[in-house]
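**Student:** Just the structure for this:
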Amino acid sequence: MEEPAEIRLGRGQRLAEVAREDLELYAVEELEARIAALDAEKARTQTFIDKKKAGRAAADALFRQ
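**Tutor:** Residues are numbered from 1 along each chain as shown. Here you go, the predicted model:
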């Protein structure tokens, strides 16, 4: 018997699912942990934005010469 194919999620789909989650079910401690995880993800995302901007600026500077 074949195993079912893995379902491939689209970009940002997991984030959209998290945003729709019912927060009423969580305790305060769980919500605080969720905020900490989201803050860490925000910082990680900002780091990638900064890297991409720096790479773009370097490429722009190289090709302007």
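**Student:** show me where the chain has strands.
**Tutor:** Per DSSP state E, the chain has no strands. Nothing in it meets that criterion.
**Student:** for it, what spans make up the helices?
**Tutor:** Ranges of helices in the chain, per DSSP state H, are 13-20, 28-64.
**Student:** In CSV: these, plus mean pLDDT.
**Tutor:** As requested, the helices of the chain are exported to CSV (pLDDT from 0 to 100):
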stretch, mean pLDDT
helix 13-20, 93
helix 28-64, 95
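**Student:** Of all those, which one comes closest to Ile7?
**Tutor:** For Ile7, the closest of those is helix 13-20, at 10.1 Å, according to CB to CB. C-betas here are computed from N, CA, C, even on glycine.
**Student:** Just checking the distance from that closest one to the centre of its chain.
**Tutor:** 10 Å (CA atoms, centre = their mean, to the nearest Å).
**Student:** same deal with stretch 47-65?
**Tutor:** 21 Å.
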